[in-house]
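Enquirer: Need a 3D model of the sequence below.
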Amino acid sequence: MHMKKTISAGFKGFWIHILIWFLFICYEVVAVGLMVGAFGHPVNYISHYLITIGVFYLSALLVLPFAFKLKAHMLWRAPLGVALLFLIFLLANYYTDLLMIDWHFANRSEGFSLTWAYSSKILYRWIYVFGFSAAYFFLKNYLVERDRAEEMEKQRLERVIEEERIKQALSKAQNDFLKAQINPHFLFNTLDFIYHSISELSQEASQAVMTLSEMMRYAVDSGDLDDTVSLGEEIEQIEKLIYLYQLRKNMELKVMSYFSDQAMGLRFIPLVLLTLVENIFKHGDVGHALHEIRIIAVVEDGELVIETSNAVNLIRSGAGGTNAGLKNIGQRLRFAYGNDIGFHFGREGELFVTRIAVPVSRILHQGERRELLTTNLN
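Expert: Numbering: from 1, shown residues only. From the prediction side, this is the model:
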């Protein structure tokens with residue numbers, strides 16, 4: 001089947017060449033004939049146009065490819081090839097004219113010979129033919145290189161799409177695993193608090209149960225939501241999370257949070273900010289006397305900036321955690337918004353700081369990017 005298509009394409013290109021040459025010859029014969037007021041013998045036309053066509057393809061398919069094959073030798077190959085082609089063209093036309101005169105297919109004045117005047121006339125014709133031949137050669141090469149580049153780009157995009165599909169699947173699996181770890185942590189710690197305090201703080205306990213229920217519903221439903229959620233919705237869950245931990249610590253935790261209206265109005269991938277805050281309570285020293293918990297989400301210089309900081313838990317930090325949750329966040333952010341987004345975390349003195357910076361333009365156009373990826377994958 002592939003061979004039949006190749007042969008069919010070859011014949012199609014062959015007939016296109018024949019048609020173009022036919023139209024060119026007809027135009028030139030008629031135009032020159034009307035200009036000089038006379039037409040030559042058909043045999044004379046056929047012989048000279050066979051020379052023209054032959055030299056055209058000799059130049060385009062053999063000499064020019066040879067001249068430009070190696071750039072190091074191009075400076076001497078190209079002039080030599082052009083000179084030899086002209087010499088072939090000149091001699092072929094000259095001896096053909098002699099034959100046409102001898103066979104009485106053409107009339108020439110007495111003493112016809114290879115003069116400078118005749119050579120100049122053939123040179124003009126040669127420049128005309130060689131110009132078209134060179135244009136055909138470069139156009140053909142351009143089309144071949146363009147097709148090759150398009151094929152390579154297509155293969156590269158297919159690899160990128162496949163890699164992103166794998167990363168997306170891996171990220172989803174890791175995120176599901178992360179949620180499976182986080183949710184029981186909230187549940188059992190909060191239920192433990194309720195168990196020990198419900199007899200004395202029944203109102204607060206009931207409020208804690210309600211808050212917990214809403215948080216668990218959000219965490220579970222996030223797997224069924226679109227790839228993005230309103231950052232304001234997630235911030236609501238963060239405030240509930242802080243409330244639950246405040247209950248456990250008798251409202252003694254020092255928490256400074258600030259979320260700008262512009263940031264809250266953006267749609268962002270879910271469970272990023274919530275995971276960062278959960279890591280603070282899970283791994284940080286939240287009751288430090290000097291360092292408060294800081295949680296910020298603002299838009300600055302065209303970027304959504306999310307920052308958290310908390311005192312380092314010196315006991316837990318010595319264990320050398322893997323930061324799996326933070327690495328998962330980084331992978332999800334890079335998949336959603338590009339590899340060059342800002343995401344840094346680490347210890348700074350007595351504080352553990354995380355900072356995310358994502359251009360707002362990418363957040364706003366994430367839907368278009370996801371649609372493109374989905375279309376390509378399908």
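Enquirer: quick one, helices of the stretch 151-300 of the chain?
Expert: Counting by DSSP state H, counting those that start in this stretch, the stretch 151-300 of the chain has helices at residues 202-221, 231-248, 261-264, 272-283.
Enquirer: Would you reformat these as a markdown table and include mean neighbour count, mean pLDDT and distance to L114?
Expert: Any C-beta I mention is one placed from the backbone N, CA and C, and that applies to glycine too. Listed next are the helices of the stretch 151-300 of the chain as a markdown table, based on neighbours: other C-beta atoms under 10 Å; pLDDT from 0 to 100; distance: least, C-beta to C-beta, whole Å:
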| stretch | mean neighbour count | mean pLDDT | distance to L114 |
| --- | --- | --- | --- |
| helix 202-221 | 15 | 67 | 92 |
| helix 231-248 | 19 | 88 | 86 |
| helix 261-264 | 16 | 94 | 84 |
| helix 272-283 | 21 | 89 | 84 |
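Enquirer: can you give me phi and psi for V312?
Expert: Backbone dihedrals for V312, given as degrees, to the nearest 10, come out at phi -80, psi 130.
Enquirer: quick one: the residue nearest to V29 when sequence neighbours are not counted from I127, how far?
Expert: Distances taken as C-beta to C-beta, 6 or more residues apart in numbering put Y45 closest to V29, at 6.2 Å, once the chain neighbours are dropped. Relative to I127, Y45 is positioned 21 Å away (C-beta to C-beta, to the nearest Å).
Enquirer: Between those two, tell me which one has more neighbours.
Expert: Applying other C-beta atoms under 10 Å to Y45 and I127 shows that Y45 carries more neighbours, namely 16 against 11.
Enquirer: With only the CA atoms kept, save stretch 51-70 in PDB.
Expert: What follows is stretch 51-70, C-alpha atoms only, in PDB (Å, rounded to 0.1, in the frame of the first residue of the first chain):
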ATOM      1  CA  ILE A  51      18.900  20.700 -24.400                       C
ATOM      2  CA  THR A  52      17.200  23.300 -22.100                       C
ATOM      3  CA  ILE A  53      15.200  20.800 -20.200                       C
ATOM      4  CA  GLY A  54      18.200  18.400 -19.900                       C
ATOM      5  CA  VAL A  55      20.500  21.100 -18.600                       C
ATOM      6  CA  PHE A  56      17.800  22.300 -16.200                       C
ATOM      7  CA  TYR A  57      17.500  19.000 -14.500                       C
ATOM      8  CA  LEU A  58      21.300  18.300 -14.700                       C
ATOM      9  CA  SER A  59      21.800  21.500 -12.800                       C
ATOM     10  CA  ALA A  60      19.000  21.000 -10.300                       C
ATOM     11  CA  LEU A  61      19.400  17.300  -9.600                       C
ATOM     12  CA  LEU A  62      23.100  16.700 -10.000                       C
ATOM     13  CA  VAL A  63      25.400  19.700 -10.100                       C
ATOM     14  CA  LEU A  64      23.800  22.000  -7.500                       C
ATOM     15  CA  PRO A  65      23.400  19.100  -5.000                       C
ATOM     16  CA  PHE A  66      27.000  18.200  -5.500                       C
ATOM     17  CA  ALA A  67      28.100  21.800  -5.100                       C
ATOM     18  CA  PHE A  68      26.200  22.400  -1.800                       C
ATOM     19  CA  LYS A  69      26.700  18.900  -0.300                       C
ATOM     20  CA  LEU A  70      29.700  19.900   1.700                       C
END
